[in-house]
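In: got a predicted structure here, sequence first:
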Amino acid sequence: MDIAEELLKGNRLALSRAITAIENEYDEATDIMKKLYPHTGHAYVLGITGPPGAGKSTLSDKIAREYRAQGKTVGIIAVDPTSPFTGGAILGDRIRMNGLTLDEGVFIRSMGTRGSLGGLSHKTADAVKAMDAFGKDIIIVETVGVGQSEVDIVKAADTTMVVLIPGMGDDIQAIKAGILEIGDLYCINKSDLDGADKLVREINMMLDLDSLMTEWRPPITKVVASQNEGITELLDTVEKHRTHIEGNGQLTERRTKRTRDEMLDILSSNIGTYIKGKIVDSGRLDGYVEQIKQHETDPYTVIGQVMDEMLK
Amino acid sequence: MSNEKIQAELEKYEASVEKAIARFPEREHLPEKRLYTPLDIKDTDYADELSFPGVYPYTRGVQPTMYRGRFWTMRMYAGFSTAEESNKRYRMLIENGATGLSCAFDLPTQIGYDSTDPISEGEVGKVGVAIDSLADMETLFDQIDLGKVSTSMTINAPASVLLAMYIAVAEKQGVPADQLRGTIQNDILKEYAARGTYIFPPRPSMRLITNIFEYCSKNVPKWNTISISGYHIREAGSTAAQEIAFTIADGIAYCEAAIKAGLKIDDFAGRLSFFWNAHNNVLEEVAKFRASRRIWAKVMKERFHAQSDKSMKLRFHTQTAGSMLTAQQPNNNIVRVALQTAAAVMGGTQSLHTNSRDEALALPTQESVTIALRTQQIVAYESGLADVIDPLAGSYYVEAMTNKIEAEAWDYIKKIDDLGGAVAAIEKGYIQKEIQDSAYKWQMDVESGARTIVGVNKFQMEEEPPKGLLKVDEAVGERQKAKVEAMKAKRDNEAVKAALADLKKACQDENENLMPHILAAVKTYATLGEICNVMREVFGEYEAHVSL
Amino acid sequence: MEKKIRVLVAKPGLDGHDRGAKVVARALRDAGFEVIYTGLRQTPEQIAEAALQEDVNVVAMSILSGAHGHLFPKVVDLVRKNGMTDALIIGGGVIPEGDIPALKEAGVSAVFTPGTPTSEVVKYINENVKL
């Protein structure tokens, strides 16, 4: 089947296959993306991140339902960490969204980080584009906010929501420190637990310290996702943020920057692959290393020669 | 011999062992300690920790004479297909000397769906009997005198509905509710943690349970209102200590809920019963049963300040471990079940179900069930194990093991307390995760050969596929559906509607006891599904916490 | 290129015994697969749709209730109807030997009964999966 063509016709299997091609870096992925690109730019991308156990999947489920109630279609990309030891992963987010499986207006895809941390952000970005071209109105990208690359993924969203829960103790301070500054919005989930108000105060204090924040002060919304409490209010803040960044040109700015970053990212990655093919896989690198070891030459001279050759 | 002397002798013995090991290396994967001595139990105070049967902390048994007066109840879990078929099996069991009934319900019944519901397709009558309304319950107990038999029902989320049906059938037989004896499992927490047949979220589920406690304490006083079950936790892969720890933590949560609902501990605690697994390691299991009694007695006395002896006695039903049955060389299962039976009896069980040899393959045939029942009778009458009370007490090993399991269980109970109790621990996925980790470790031990299962990873042989397995007639579902439709056409549908509306109102009022409303509804022949759907509407449904 | 075997581990029907499914899910992860676990009480429609959205190479189902004869073939049908002609569909649980030929006939390519080591499931998938 012509994946891109079928995808654009609304074939769900084609969308699924397109994402597989992106994820597995099949050669055809580039062609697919070329055909899909003109059809992108319509969807609004909501990034959701937060520490493990914050209830992100349940929250995504409830948010998706709310959007569906508003008549919007939703794509969800849920990223879970791959085990660095076995290369395997249990992608467990979907289980909290079982109720959405048979809703034709929702498409959920689970992705493992697969260790290729550098490449993950542009794979996710391409998966988002595929869902965008497919016609989804809202695309939710959900990741555990523990690593830089995962932070990069969510930063690529139009609006980034950071989810926290009360009572996680000091051990998550480090994680908080990493992800807190990226939030356009804060969501306190499980806010029926003790300590919710304290957490709100803490975030407020942190926001007070942020002198760069001028036009937009991230709102903090308390929800209980499992009880479907506070979801409407939460989505109101998403809408507000959207209006805000659409109004002041920031959305365009963000998307332009994203395109620029992605291009640079892919270019460097491709050039890296090219160089690797030229000198690593051919065995030339080992030859150079041997020469350097024998003090017949030095690394700087070799690099100069290789660069000259490559850039010819 | 003084402890010092024993210590000195022990050191000599250990030295001699070194030589023996040099010649005959010990098998791999054995418990660390090869021998137990008085030193291992030197701190165990007889009066405080063991005492006498029928005396606190009941380590040695809950009754003064145990099986010298009366054997345990030989209670065979049975039920499949339709009420007619199961009724036949029950009457066969009673004729063969079974002294209690134990009803297995099919999955739609356990999850509160009618046989006519599309989700029930393929499941009707499969793992137990299908009960859709009072009409089926009447058939199920046809010609069985509910005033004489004691009936255990493995039913949890919709336990209130099935109990109401039982009370209604008894009423028709002319047996007053206060004469009824039996047990409903009614243990929702282990459903969330291990068994999976939940319906409603924890809060309304706990309300239903405390409603039953309250209703029965006044109206069905001989009924065991809950069977707090470790069996399924063990089946899901837990260790022995986890089995009793998680279950006792569940028990604590039920007591707390009942007390919060205004009940007094001694008004309901005497009707709480437990349900344990009899696993393969005989001595460890005996120690587990003994430890569980001691822990519960302490919990009731020290934590809940119970006054009544009855509240402090942990009475339990046992089932031999289904997950230890092998599909390979199924006759070997007869031997496994016999050893598990011995463990349950030496551990002082109040009632016992023995599994049939073919249950790793299908539902048991009549012949297999008879062998399983005979196994209990042989242990009771021929083995001598039931002739003396708590026969393994005083064994250095068994006493040390009892202490060890108790200590491990307390650690877990404390950890669960710290997490906010059993409900919170389940909601956080803690208990599930612990069970899964143990299950995975067990499987990996079997696969690596660290643990031997005869016929599975050692001593395998080529086998003919087993013949004569019981097959549930695939047409059962269709027949049952037709029965439900016919029943609905006959009943007074206006009365049903009114009863369901009344039930809905009662559900919305948290202070109302639901039992009388459910009883009224079942008497109109409202179906199980109709009643549960009313509750689903008000209470919502539970969403599982899964972390792998 | 970074191909990974993706497996949907599913519990069709109403039975809540998920010890086996969870143990297999973990073992598959440890074998380097990406495992999507659906949880309990999934209808054949839900399983087939999840398989499609996740573009899995394998659908692994577990049933202990005896409803396999009804549910397994239904899942096979729906998965194939969705155009996933290559996906390997396997099952496990308390399944009498006598029922296996009919299940294979219906398109379940392997049936694993109690006592099967997880390593055997891994091996089967590795040898039969189409990537």
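Out: Received the coordinates, thanks.

In: hey, C-alpha coordinates of stretch B:189-205 in CSV?
Out: Extracted C-alpha coordinates of stretch B:189-205, given in CSV (Å, rounded to 0.1, in the frame of the first residue of the first chain):
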residue,chain,number,x,y,z
LEU,B,189,-9.6,-6.0,48.2
LYS,B,190,-8.0,-9.2,47.0
GLU,B,191,-10.0,-8.8,43.8
TYR,B,192,-8.2,-5.5,43.1
ALA,B,193,-4.9,-7.0,44.1
ALA,B,194,-4.9,-10.4,42.7
ARG,B,195,-8.1,-12.0,41.3
GLY,B,196,-9.6,-9.4,39.0
THR,B,197,-13.3,-9.9,39.4
TYR,B,198,-14.1,-6.4,40.7
ILE,B,199,-16.9,-4.1,39.7
PHE,B,200,-17.1,-0.9,41.7
PRO,B,201,-14.4,1.4,43.1
PRO,B,202,-13.1,0.8,46.6
ARG,B,203,-15.3,3.2,48.5
PRO,B,204,-18.8,1.9,47.5
SER,B,205,-17.4,-1.6,47.6
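
In: closest point of chain B to chain C, which residue?
Out: residue B:196 (1.7 Å; Cβ to the nearest Cβ). (C-beta placed from N, C-alpha, C; glycine too.)

In: what about that residue, neighbour count?
Out: Using other Cβ atoms under 10 Å in any protein chain shown, residue B:196 has 23 neighbouring residues.

In: need the contact list for the residue nearest to it when sequence neighbours are not counted.
Out: Spatially, and ignoring its direct neighbours in sequence, residue B:196 is nearest to residue C:16 (1.7 Å; Cβ to Cβ, 6 or more residues apart in numbering or on different chains). Neighbouring residues of residue C:16 by Cβ atoms under 8 Å, 6 or more residues apart in numbering or on different chains: B:191, B:195-198, C:40-41.

In: same list, those residues, but as a markdown table with secondary structure and pLDDT please.
Out: Listed next are the contacts of residue C:16 as a markdown table, based on DSSP: H, G, I helix; E, B strand; the rest coil; pLDDT from 0 to 100:
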| residue | secondary structure | pLDDT |
| --- | --- | --- |
| B:191 | helix | 96 |
| B:195 | helix | 94 |
| B:196 | coil | 94 |
| B:197 | coil | 96 |
| B:198 | coil | 97 |
| C:40 | coil | 92 |
| C:41 | coil | 93 |
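
In: what does chain A put close to chain B?
Out: Contact residues (Cβ under 8 Å from any Cβ of the partner chain) of chain A with chain B: A:53, A:58, A:90, A:92, A:95-96, A:226.

In: so which strand or helix has the residue nearest to residue B:196?
Out: Using DSSP states H and E, residue C:16 sits within no helix or strand.

In: what number of residues lie near the residue lying closest to residue B:434 once chain neighbours are set aside?
Out: In space, and not counting its chain neighbours, residue B:434 is closest to residue B:242: 6.1 Å by Cβ to Cβ, 6+ apart. When counting by other Cβ under 10 Å, one arrives at 23 neighbours for residue B:242.

In: what about residue B:242, helix or strand, and which?
Out: helix B:240-260.

In: got the contact list for the following helix or strand past that helix?
Out: Following helix B:240-260 in sequence order, the next helix or strand is helix B:265-268 (DSSP H and E). With Cβ under 8 Å, 6+ apart as the test, helix B:265-268 has contacts from B:213-214, B:217, B:225, B:255, B:258-259, B:300, B:304-308, B:310-311.

In: strands - which of the residues you listed land there?
Out: Nothing among the contacts of helix B:265-268 maps onto strands, per DSSP state E.

In: which of those residues are buried?
Out: Buried members of the contacts of helix B:265-268, scored by 16 or more other Cβ atoms under 10 Å in any protein chain shown, are B:213-214, B:217, B:225, B:255, B:258, B:300, B:304, B:306, B:311.

In: what's the farthest-apart pair in those?
Out: B:214 and B:300 (18.9 Å; Cβ to Cβ).

In: which residue ranges form the strands in the chain?
Out: Reading this off chain A. Assigned by DSSP E, chain A shows strands spanning A:44-50, A:74-80, A:89-91, A:106-112, A:138-144, A:159-164, A:185-188, A:220-222.

In: actually it's chain C I care about, not the one you picked
Out: Using DSSP E, strands in chain C cover C:6-10, C:34-37, C:58-63, C:88-93, C:110-112.

In: and the last one, does that touch chain B?
Out: If I follow you right, that is strand C:110-112. No: using Cβ under 8 Å from any Cβ, strand C:110-112 never reaches chain B; the gap is at least 10.7 Å.

In: neighbouring strands - and their directions - for that strand?
Out: strand C:88-93 (parallel) (DSSP bridges).

In: if I look at the closest residue to residue B:390 other than its chain neighbours, how far off is residue B:45?
Out: Nearest non-adjacent residue to residue B:390, counting by Cβ to Cβ, 6+ apart: residue B:60, 4.1 Å away. To residue B:45, residue B:60 is 14 Å away according to Cβ to Cβ, to the nearest Å.

In: ok, now which ones touch the closest residue to chain B within the stretch 51-200 of chain A?
Out: Here the stretch 51-200 of chain A gets closest to chain B at one residue, residue A:90, 4.7 Å apart by Cβ to the nearest Cβ. By Cβ under 8 Å, 6+ apart, residue A:90 lies in contact with A:80, B:548, C:25-26, C:29, C:35, C:37.

In: go with 7 Å
Out: For residue A:90, the contact set (Cβ atoms under 7 Å, 6 or more residues apart in numbering or on different chains) comprises B:548, C:25, C:29, C:35, C:37.

In: and the last one, how many neighbours does it have?
Out: Looking back up the chat, that one is residue C:37. 25.

In: and for the third one?
Out: Other residues lying near residue C:29 total 24 when counted by other Cβ under 10 Å.

In: who's in contact with the spatially most central residue of chain C?
Out: Computing the C-alpha centroid of chain C and ranking residues by Cα atoms, centre = their mean puts residue C:60 first, at 1.2 Å. The contact partners of residue C:60, by Cβ under 7 Å, 6+ apart, come to C:7-9, C:24, C:90.

In: for residue A:86, same thing?
Out: Counted by Cβ under 7 Å, 6+ apart, residue A:86 has contacts C:29-30, C:32.

In: any stretches of chain A with poor pLDDT?
Out: A:116-119, A:145-150, A:155, A:169-180, A:210-214 (pLDDT under 70).

In: how close does the residue nearest to the spatial centre of it get to residue B:254?
Out: Closest residue to the average C-alpha location of chain A: residue A:153 at 2.8 Å, with Cα atoms, centre = their mean. Counting by Cβ to Cβ, the separation of residue A:153 from residue B:254 is 45 Å.

In: fine by me, we can end here.
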